[in-house]
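Colleague: this one's sequence-less:
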């Protein structure tokens, strides 16, 4: 199972149209820094900002253009069974390594949990591909999770939870299925020590997390923490402005010169100009730091 799988933002033109011609910079940056995996349609709820034909357009373009040199994972929705089947059907024959689907969210409304579970299970059973199951806050209840694991199609769990809940999930499941952290990466060494397999970060963070992983696996945790410390200001900025972090990730990549523009469709929150400039400055700083990382 791949260990560092960055979530690639959907790129838009200034007028809000999907910009398929702008992905080359991101994938070149990842390749140059030793990252060979990517997941699409995953950042900040952007899946729901796209029509089905746009999801298919971007997924086909990325799989066709980069699928021979990258493992590509595509997010599909547990809210729309038919939409997910259309997307997976449209990608038949393309180089897609797997899909990402939501787990049922534990809810006071048992009917809602069962509805999402039923849709997720149908999606998984209709595809012969591996699936990364996204878990938010806590794992589904026993029989629900067991049913999903019994399909043999769950290749990993992506966990977005507090550090304490991550520890509980790792105790329960790390020996049964690879766990990928969905946090920003500041606690990556602690998560690896718990039994986590890897993480799903933003593209700018990915090379540093790859390097930290290599150092951890060779028993050099002090050096790994030093590498991760380079990300602390950037991650702090994203956490302080969590409602607008998808916007800021794009601005940081634009400041780094990885993408030419940072268009975003219907942002939930638009950060002020000073925050945008900080993100761009951080992007530029991280690119320079990554250059040093590859030379070391």
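Modeller: Received it, and whenever you're ready, just let me know what you need. In this text, all values refer to a predicted model and were calculated from it rather than measured experimentally.
Colleague: can you give me the strands in the protein?
Modeller: Shown for the chain, the strands assigned by DSSP state E span residues 7-8, 37-40, 71-75, 98-102, 131-136, 154-160, 179-181, 198-199.
Colleague: so where's the longest helix in this structure?
Modeller: Counting residues, the longest helix found in the chain (DSSP state H) is helix 273-295.
Colleague: And that one, what's buried?
Modeller: Neighbour-count burial for helix 273-295 flags 275-276, 278-283, 285-287, 290, 293 (criterion: 16 or more other CB atoms under 10 Å). Just so you know, the C-beta spots here come from the backbone N, C-alpha and C atoms, and that holds for glycine as well.
Colleague: now stretch 226-238
Modeller: Neighbour counts over stretch 226-238 (16+ other CB under 10 Å) mark 227, 228, 230, 231, 234, 235, 237, 238 as buried.
Colleague: for stretch 127-146, same thing?
Modeller: In stretch 127-146, residues buried by neighbour count (16+ other CB under 10 Å) are 127, 129, 130, 131, 132, 133, 134, 135, 139, 140, 144, 145.
Colleague: Lowest-confidence member of the residues you listed, which is it?
Modeller: Lowest in pLDDT among the buried residues of stretch 127-146 is residue 140, which has 65.
Colleague: give me the number of residues near residue 67?
Modeller: 18 (other CB atoms under 10 Å).
Colleague: From residue 12, how far off is residue 267?
Modeller: Distance, residue 267 to residue 12, using CB to CB, to the nearest Å: 10 Å.
Colleague: next one: residue 92
Modeller: Residue 92 is 27 Å from residue 12, by CB to CB.
Colleague: so who does residue 27 touch?
Modeller: Taking CB atoms under 8 Å, 6 or more residues apart in numbering, we find residue 27 in contact with 38, 65, 66, 70.
Colleague: 6 Å - rerun?
Modeller: Residue 27 is in contact with residue 66, counting by CB atoms under 6 Å, 6 or more residues apart in numbering.
Colleague: So which elements touch the lowest-mean-pLDDT helix or strand in the chain?
Modeller: Of all helical and strand segments in the chain, the minimum by mean pLDDT, DSSP states H and E falls on helix 110-126, at a mean of 74. Here helix 110-126 touches helix 81-90, going by 3 or more CB pairs under 6 Å, 6 or more residues apart in numbering; DSSP states H and E.
Colleague: List the buried residues of the helix it packs on.
Modeller: 81, 83, 84, 86, 87, 88, 90.
Colleague: Generate CSV for the residues you listed, with pLDDT and distance to residue 102 as supplementary columns.
Modeller: Formatted as CSV, the buried residues of helix 81-90 follow (pLDDT from 0 to 100; distance: CB to CB, whole Å):
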residue, pLDDT, distance to residue 102
81, 78, 12
83, 82, 13
84, 85, 11
86, 87, 17
87, 89, 14
88, 90, 15
90, 91, 20
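Colleague: Count residues in the vicinity of the residue nearest to residue 84 when sequence neighbours are not counted, would you?
Modeller: Among residues not flanking residue 84 along the chain, residue 76 sits closest, at 3.9 Å (CB to CB, 6 or more residues apart in numbering). Using other CB under 10 Å, residue 76 is surrounded by 28 other residues.
Colleague: Who are the contact partners of residue 76?
Modeller: Here residue 76 is in contact with 84, 87, 99, 101 (criterion: CB under 6 Å, 6+ apart).
Colleague: One more: residue 2?
Modeller: 37, 71.
Colleague: and it, what pLDDT?
Modeller: So, for residue 2, pLDDT stands at 87.
Colleague: give me the low-pLDDT residue ranges for the stretch 51-200 of the chain?
Modeller: Low-confidence segments of the stretch 51-200 of the chain (pLDDT under 70): 78-79, 104-113, 140-143.
Colleague: if we can go back for a sec, tell me the angle of the least confident helix or strand of the chain relative to strand 131-136?
Modeller: Interaxial angle, helix 110-126 versus strand 131-136 (axes from the mean of the first three to the mean of the last three CA atoms, to 10 degrees): 160 degrees.
Colleague: buried set for helix 110-126?
Modeller: Neighbour count says helix 110-126 has 113, 116, 117, 119, 120, 121, 123, 124 buried, by 16+ other CB under 10 Å.
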